[in-house]
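Chemist: Sequence first, predicted coordinates after that:
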Amino acid sequence: MDSSTTNWCHDVGKLLLRLTIGGLLLLHGLDKIMHPQDFDKILGAVRFHNLPDFLAYGVYVGEAVAPILVIVGLFTRIASAVIAINMAVAVWLAHQNMLWTLNDGGGWAIELQALYFLGALSIMFLGAGSFSFDALWRNRSQATESPPPQK
């Protein structure tokens, strides 16, 4: 495979990872937005750990705003870090007792949270790739930079 084909394959892989992690997590965020009565459970977990109430609203940032940014590839590394932090906090607040257990099907009880956490970390380290607003922004800024002075 030549380098252009390899780069294209890497960029398609990054796009698929962004669409998968961002798209699937966004559905959870939209569900939370459409069913605000469930917010009380999140608020209860935050209060149980003696944290300020405003932190409960982070779920909307981590499961709605950040996934949209990841999907379109805008501020991708920051947005994916927000998702990873959101998943770590979710496990800490609501799933601590499931860390070392298996579900009825034999899988890890928090495999979904782990998938989102590790997928977000992967995106954070890999970056958005060429099929993103980050790449458009980067290419635009490189095109407008003046060349270095000649000696």
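Modeler: Received it, and whenever you're ready, just let me know what you need.
Chemist: Bridged to the nearest residue to A114 once chain neighbours are set aside, which residues?
Modeler: Distance criterion CB to CB, 6 or more residues apart in numbering; nearest residue to A114, sequence neighbours excluded, is W108 at 6.5 Å. From N, CA and C alone the C-beta is placed, and that goes for glycine too. Residues found in beta-bridge contact with W108 (criterion: DSSP bridges) are L102.
Chemist: Grab the longest helix from this structure for me.
Modeler: Determined from DSSP state H, the single longest helix within the chain is helix 3-34.
Chemist: Can you list the neighbours in contact with the helix or strand where F125 lies?
Modeler: According to DSSP states H and E, F125 maps onto helix 111-126. Residues from elsewhere that reach helix 111-126 (CB atoms under 8 Å, 6 or more residues apart in numbering): 14, 17-18, 20-21, 24-25, 70, 76-77, 80-81, 83-84, 87-88, 90-91, 95, 103, 108.
Chemist: Which among these count as buried?
Modeler: Among those, those classed as buried by 16 or more other CB atoms under 10 Å are 14, 17-18, 21, 25, 70, 76, 80-81, 83-84, 87, 90-91, 95.
Chemist: Many thanks, we can stop here.
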